[in-house]
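Peer 1: Provided below for reference: sequence and predicted model.
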Amino acid sequence: MINNVFSDTLHAVGNTPLIKLKWASSVSGCNIYGKAEFMNPGGSVKDRAALFMIKDAEKKKLIKPGDTLIEATAGNTGIGLTLIGNAMGYKSLIVIANNQSQEKKDTLIACGAKLKEVPPVPYTDPNNYIHVAKRLATDNGGYFCNQFDNLANREAHIVTTGPEIINGLEGNIDAFTTSVGTGGTLAGVSIALKKKNKNILTIAADPEGSVIFDFIKKGKLTSSGNSITEGIGQGRITKNFEASPVDDAEKITDSEALNVIYNMVQHDGLIMGGSTGINVASAIKVGKKLKPNSNIVTILCDYGTRYQSKIYNINFLQDNNLPIPPWLEE
């Protein structure tokens, strides 16, 4: 890089800024910073995992340009794999549950991915999207990236995201919290932060319907309720999340998350997706437990425009008895 000029798209992945969140900081009494992962080329934190998984597979001679990358995704990892794959000479076949937002499915098609939609069923069902993607790779000769259990995902955050956060705040970090989808972000950043300072608190932000909160609090894979948030929440412990140094967990309802993202639109000028609402709501809860002016970091995962038909749609919100932002009510 010379004077902020990159030789290709790959070099634009990562090194996202930390943004102090004015509204969240004021209500928590702490300094809450969001890692602006929506500024990656593919528009989400998943670009980091996508790049590392492709490079890892190349290093192991499992793939070569011209091959097809196959992935099971709620959307963002698929977008990242497709765009980064395009830049590196790969094709993409993406398996997605048909209840995910239309905006993400449309984006995948616009990026050039082949898309296979499947019904949303539990991991224990052989027709779960992860098992479908694995079978497609076996039957068609493509490479199943397997973001959930591929440790290159976690490594991306050990090597890049964690050190960037440390450098950005000169190591002055009291806590880090983010949600769990694959577990790669929380586990990887936590490993990096704990290596720097074992006293930094690491906290899972969990929506209702996910087992992570109960696993951390009680050691049990149990859950209750459900959530409209996409790409986060888990029904099992993935390879990426195994043995991760996480201290605590916060459970966040959809209403809490939506109220947070609507306030961020109004007070911070940021239009974010539901997982970011879960993350920032968790950071606020953590901040209220820590001493004033503590530094808390979380992840701003992706733009809210990828969920415009849901969490910014008055009809969807009314149908699901969820909070409505005041500007839509008007």
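Peer 2: In hand now; what should we look at? Since this is a predicted model, take the numbers as computed values, not measurements.
Peer 1: alpha carbons only for contacts and neighbour counts from here, please
Peer 2: Will do.
Peer 1: Contacts only, for the closest residue to residue 254 other than its chain neighbours.
Peer 2: Among residues not flanking residue 254 along the chain, residue 227 sits closest, at 6.1 Å (CA to CA, 6 or more residues apart in numbering). For residue 227, the residues meeting the contact criterion (CA atoms under 8 Å, 6 or more residues apart in numbering) are 207, 208, 209, 253, 254.
Peer 1: What strand or helix carries residue 227?
Peer 2: Using DSSP states H and E, residue 227 is not contained in any helix or strand.
Peer 1: Contacts only, for residue 129.
Peer 2: When the contact criterion is CA under 8 Å, 6+ apart, the partners of residue 129 are 72, 73, 95, 96, 97, 118, 119, 120, 121.
Peer 1: got those residues as TSV, with secondary structure and neighbour count columns?
Peer 2: Below are these laid out as TSV (DSSP: H, G, I helix; E, B strand; the rest coil; neighbours: other CA atoms under 10 Å):
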residue	secondary structure	neighbour count
72	strand	25
73	coil	24
95	strand	27
96	strand	26
97	strand	20
118	strand	15
119	coil	12
120	coil	15
121	coil	12
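Peer 1: all helices for this protein, in order.
Peer 2: If you assign secondary structure with DSSP state H, the helices in the chain sit at 22-28, 46-59, 76-88, 102-111, 129-140, 152-156, 162-168, 184-196, 212-218, 254-268, 274-289, 314-319, 326-329.
Peer 1: Tell me which of those lies nearest to residue 65.
Peer 2: helix 76-88 (6.8 Å; CA to CA).
Peer 1: Report the angle between that closest one and helix 102-111.
Peer 2: In terms of direction (axes from the mean of the first three to the mean of the last three CA atoms, to 10 degrees), helix 76-88 departs from helix 102-111 by 10 degrees.
Peer 1: Now helix 76-88: buried residues?
Peer 2: 76, 77, 78, 79, 80, 81, 82, 83, 84, 85, 86, 88 (16 or more other CA atoms under 10 Å).
Peer 1: my guess is the fifth one contacts residue 50, does it?
Peer 2: Yes - contact status for residue 80 versus residue 50: in contact at 5.7 Å, counting by CA atoms under 8 Å.
Peer 1: wait, which of the buried residues of helix 76-88 is closest to residue 134?
Peer 2: Relative to residue 134, and with distances defined as CA to CA, the nearest of those is residue 78, at 14.5 Å.
Peer 1: mind listing what that closest one touches?
Peer 2: Shown here is residue 78, whose contacts under the criterion CA under 8 Å, 6+ apart are 71, 72, 94, 108.
Peer 1: if you set the cut-off to 7 Å instead, what comes out?
Peer 2: Counting by CA atoms under 7 Å, 6 or more residues apart in numbering, residue 78 touches 71, 94.
Peer 1: Residue 75 and residue 107, how far apart?
Peer 2: Using CA to CA, to the nearest Å, one obtains 9 Å as the distance from residue 75 to residue 107.
Peer 1: what about the residue nearest to residue 82 when sequence neighbours are not counted, how many neighbours?
Peer 2: The shortest distance from residue 82 to any non-neighbouring residue, by CA to CA, 6+ apart, is to residue 92 (5.5 Å). Applying other CA atoms under 10 Å, we find 25 other residues in the vicinity of residue 92.
Peer 1: my read: residue 92 touches residue 113, true?
Peer 2: Yes - in this structure residue 92 lies within contact range of residue 113 using CA atoms under 7 Å: 5.0 Å.
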